[in-house]
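Novice: Predicted model, plus sequence, below.
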Amino acid sequence: QKEVEQDPGPLSVPEGAIVSLNCTYSNSAFQYFMWYRQYSRKGPELLMYTYSSGNKEDGRFTAQVDNSSKYISLFIRDSQPSDSATYLCAMLMDSSYKLIFGSGTRLLVRP
Amino acid sequence: GAGVSQTPSNKVTEKGKYVELRCDPISGHTALYWYRQSLGQGPEFLIYFQGTGAADDSGLPNDRFFAVRPEGSVSTLKIQRTERGDSAVYLCASSSGTLSYNEQFFGPGTRLTVL
């Protein structure tokens, strides 16, 4: 079993829809939870990170961490075609530097 | 400012050949990481440098893989006797430190294809 599980998609939604992306994890030592966006043939770009549990909002993006369920989510409101990309969740243990990534979810926002 | 750069962007080689992949980190970043991303997968950690020394090479798959960072800036990932299974995108990242959480900034990657 992988430490971080993520549905590969693809997820196809119409422009303006609310998108929900999710990951589950098995290692309770993870303390930092990140979401990266990766466009085709580009490197991952950090969107949001959350320490420990709770919610964090940044513009159209909201990240949620539920430690009890070992489940994290990224919500995208008012999705745009430019949001079409692969979204990778990643996690870190405290005092570590080794990012542990999910396999990524491909998102397509249709105009 | 300039981000992390990697060269070449694409490398096609034949099985058994030797390849070198180069990473130029963000200026001033002391920490440098290499990850490997296979098709349809997330990046997997290979090696971490703090300054000139490899502080953690636990992710290197075998002794055909080696990386250096002789002056604490540019790093080269070297792969000997390449195999078809080495085909992947090799990503480099850098950060200003590793205390608590320091954002790792990724380069665009080198796409390696072993025929």
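Specialist: Noted; the coordinates are in hand. Numbers count the residues shown, from 1 in each chain, chains lettered A, B, ... in the order given.

Novice: alpha carbons only for contacts and neighbour counts from here, please
Specialist: Fine.

Novice: ranges for the strands of chain B?
Specialist: In chain B, the strands defined using DSSP state E lie at B:5-7, B:10-13, B:19-24, B:31-37, B:44-50, B:53-56, B:65-68, B:75-79, B:88-95, B:105-106, B:110-114.

Novice: so which of those strands is the most packed in?
Specialist: Most buried of those, by mean neighbour count (mean count of other Cα atoms under 10 Å in any protein chain shown): strand B:88-95, with a mean of 26.

Novice: I'd like to know which elements that strand is packed against.
Specialist: Where contact means 3 or more Cα pairs under 8 Å, 6 or more residues apart in numbering or on different chains; DSSP states H and E, strand B:88-95 is packed against strand B:31-37, strand B:105-106, strand B:110-114.

Novice: what lines up beside the second one in the sheet?
Specialist: If I follow you right, that is strand B:105-106. Sheet pairing for strand B:105-106, assigned by DSSP bridges, gives strand B:88-95 (antiparallel).

Novice: do the same with the first one
Specialist: Within its sheet, and counting by DSSP bridges, strand B:31-37 is paired with strand B:44-50 (antiparallel), strand B:88-95 (antiparallel).

Novice: Mean pLDDT and distance to A:L21 added to these, as CSV?
Specialist: Listed next are the strands paired with strand B:31-37 as CSV, based on pLDDT from 0 to 100; distance: least, Cα to Cα, whole Å:
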stretch, mean pLDDT, distance to A:L21
strand B:44-50, 95, 21
strand B:88-95, 97, 24
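
Novice: Tell me which helix or strand in chain B has the weakest average pLDDT.
Specialist: Every helix and strand in chain B was compared by mean pLDDT, DSSP states H and E; the lowest is strand B:53-56, with a mean of 86.

Novice: for the helices and strands packed on strand B:88-95, which one sits closest to B:T76?
Specialist: strand B:31-37 (9.6 Å; Cα to Cα).

Novice: so who does the closest residue in space to A:Q38 that isn't next to it in sequence touch?
Specialist: Nearest non-adjacent residue to A:Q38, counting by Cα to Cα, 6 or more residues apart in numbering or on different chains: A:P44, 4.4 Å away. Each residue near A:P44 by Cα atoms under 8 Å, 6 or more residues apart in numbering or on different chains is listed here: A:36-38, A:88, B:106-108.

Novice: for B:S96, same thing?
Specialist: Per Cα under 8 Å, 6+ apart, neighbours of B:S96: B:28-31, B:102-103.

Novice: pLDDT-wise, what's the bottom of the residues you listed?
Specialist: In terms of pLDDT, the least confident member of the contacts of B:S96 is B:N102, at 82.

Novice: Could you check how far the most centrally placed residue in chain B is from A:Q64?
Specialist: Residue closest to the average C-alpha location in chain B (Cα atoms, centre = their mean): B:W34, at 3.2 Å. With the distance defined as Cα to Cα, to the nearest Å, B:W34 ends up 28 Å from A:Q64.

Novice: Please apply the same query to B:L39.
Specialist: Counting by Cα to Cα, the gap from B:L39 to A:Q64 is 27 Å.

Novice: re the thing from before, looking at the contacts of B:S96, which is nearest A:M93?
Specialist: Taking these together and measuring to A:M93 by Cα to Cα, the closest member is B:N102, at 12.7 Å.

Novice: What residues does that closest one make contact with?
Specialist: B:95-96.

Novice: Let me see the contact set for A:D66.
Specialist: Per Cα under 8 Å, 6+ apart, neighbours of A:D66: A:53-54, A:72.

Novice: now with 6 Å?
Specialist: A:S53 (Cα atoms under 6 Å, 6 or more residues apart in numbering or on different chains).
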